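Participant: One predicted model, sequence on top.
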Amino acid sequence: MPSSPTLGSLLAKLRRERPLVQCITNYVAMNTAANVLLAAGASPAMVHAEAEAAGFARLAAALTINIGTLSPSWVEGMRGAAKAAQTSGKPWVLDPVAHFVSPFRRDVVAELVALSPTIIRGNASEIIALAGQANHGSGADSGDSVAAAEAAARELARRHKAVIAVTGEIDFVTDGARASHIYGGSPLMPQVTALGCSLTALIGAFAAVSPDDTFTASLAALALFAVAGERAARSAAGPGSFSWQFLDALAALTPEALDAEARIVDL
Ligand SMILES: Nc1ncnc2c1ncn2[C@@H]1O[C@H](COP(=O)(O)OP(=O)(O)OP(=O)(O)O)[C@@H](O)[C@H]1O
Ligand SMILES: Cc1ncsc1CCO
Ligand SMILES: [Mg+2]
């Protein structure tokens, strides 16, 4: 049963326009996230230094900020870029990696959330913690089900007027009014580091080509990952071969195949 044709047309638009996406991400994810954006059809730039991050955010079509390997000098670049995106009306995506593990991370995330991210993407434990509830996360890995995070996600969406995407076995996305489940992917995905961080960057790329409907933009990115993950898992022998076959699957997926294979249930 094909889902909305809008997702395929957004992918086609992304490949036509090749949006420049500023990614402030962690040392673990930098290479993978850049390759994921290139495979999908966008143009990544990993620009985080305080001296240039804000100026670059005014040039880029979208900004993504991931706090995975946070250090004090990076916070200045994040703050400047987020403020620049906010004041210039550019979509920006926050990935609050393991923000519950230290007061340092918690405080930086609270400050960034106050700068009005357009979209927040996290695993279930991160989203539950963002709503102020107890979670079972283990560092960057989730210890909670997506289902357990859905009420928190709806509450956060309304509180911050943002789209909230929760990833796991079945992804969930909401803007506070609309909500959807995205089926697909593979159990090999959480065995490859930084795919969530890379998905955050890809959400930024889709938001760049759909700034007026960031819910559908997020849905498109989640569906693209779900379909590419499912395809790659069919021939992968384990996490190693999965990771390169996933990049190949992202690049090979046509807009038509995305519409035909995406499995989305509107809630
Ligand atoms: N058990 C699973 N089955 C299918 N897909 C999954 C599963 N777990 C995660 N995924 C998919 O993996 C991708 C990354 O989501 P995940 O929740 O693992 O992010 P994350 O924990 O933030 O990852 P990281 O911090 O390593 O970047 C998403 O596309 C998600 O749908
Ligand atoms: C493993 C890890 N540690 C900090 S960031 C990161 C990448 C996945 O979030
Ligand atoms: Mg993560």
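Facilitator: Yes, it's here. Residues are numbered from 1 along each chain as shown. Ligands and ions are numbered 1, 2, ... in the order given.
Participant: Around the closest residue to residue 108 other than its chain neighbours, how many other residues sit close by?
Facilitator: Leaving out its chain neighbours, the residue that sits closest to residue 108 by Cβ to Cβ, 6 or more residues apart in numbering is residue 75, at 5.6 Å. For glycine as for every other residue, the C-beta is placed from the backbone atoms N, C-alpha and C. Burial measure for residue 75: 17 neighbouring residues, criterion other Cβ atoms under 10 Å.
Participant: ok, now residue 131?
Facilitator: Around residue 131 there are 16 other residues, counting by other Cβ under 10 Å.
Participant: Can you list the residue ranges for helices in the stretch 1-150 of the chain?
Facilitator: 6-17, 30-40, 50-59, 72-88, 103-113, 124-130, 146-160 (DSSP state H, counting those that start in this stretch).
Participant: Quick check: the gap between the residue in the stretch 1-150 of the chain positioned nearest to ligand 2 and ligand 1.
Facilitator: Of all residues in the stretch 1-150 of the chain, residue 68 sits closest to ligand 2, at 2.8 Å by Cβ to the nearest ligand atom. Going from residue 68 to ligand 1 by Cβ to the nearest ligand atom, to the nearest Å gives 7 Å.
Participant: Check residue 157 too.
Facilitator: 18 Å.
Participant: What distance do you get for that residue to residue 90?
Facilitator: Note on residue 157: its distance to residue 90, by Cβ to Cβ, to the nearest Å, is 20 Å.
Participant: next one: residue 81
Facilitator: 10 Å.
Participant: Tell me how many other residues surround residue 62.
Facilitator: 29.
Participant: scratch that, residue 137 is what I was asking about
Facilitator: By other Cβ under 10 Å, the residues close to residue 137 number 21.
Participant: And it, its phi and psi?
Facilitator: phi -70, psi 150 (degrees, to the nearest 10).
Participant: ok, the biggest helix by length in the chain near ligand 3 or not?
Facilitator: Criterion DSSP state H: the longest helix present in the chain is helix 214-235. No: Helix 214-235 stays clear of ligand 3 (Cβ under 5 Å from the ion), getting no nearer than 12.9 Å.
Participant: got the residues of the stretch 51-200 of the chain near ligand 3?
Facilitator: Counting by Cβ under 5 Å from the ion, the stretch 51-200 of the chain sits next to ligand 3 at 97, 196.
Participant: Now residue 206. Nearest residue, chain neighbours left out?
Facilitator: Residue 206's closest residue in space is residue 217 (Cβ to Cβ, 6+ apart), at 3.9 Å.
Participant: Please report how far that neighbour lies from residue 245.
Facilitator: 25 Å.
Participant: Which of the two has more residues huddled nearby?
Facilitator: The neighbour count for residue 217 versus residue 245, taken as other Cβ under 10 Å, is higher for residue 217 (30 against 20).
Participant: which ones are touching the more buried one?
Facilitator: 10, 91, 119, 203, 206, 207, 209, 210, 211 (Cβ atoms under 8 Å, 6 or more residues apart in numbering).
Participant: And for residue 41?
Facilitator: Taking Cβ under 8 Å, 6+ apart as the criterion, residue 41 is in contact with 11, 14, 15, 18, 205.
Participant: And the first one, what's its pLDDT?
Facilitator: Looking back up the chat, that one is residue 11. For residue 11, the model assigns a pLDDT of 98.
Participant: pLDDT at the residue of the chain positioned farthest from its centre, what is it?
Facilitator: The centre of the chain is farthest from one residue, residue 237, which by Cα atoms, centre = their mean lies 26.0 Å away. pLDDT, residue 237: 98.
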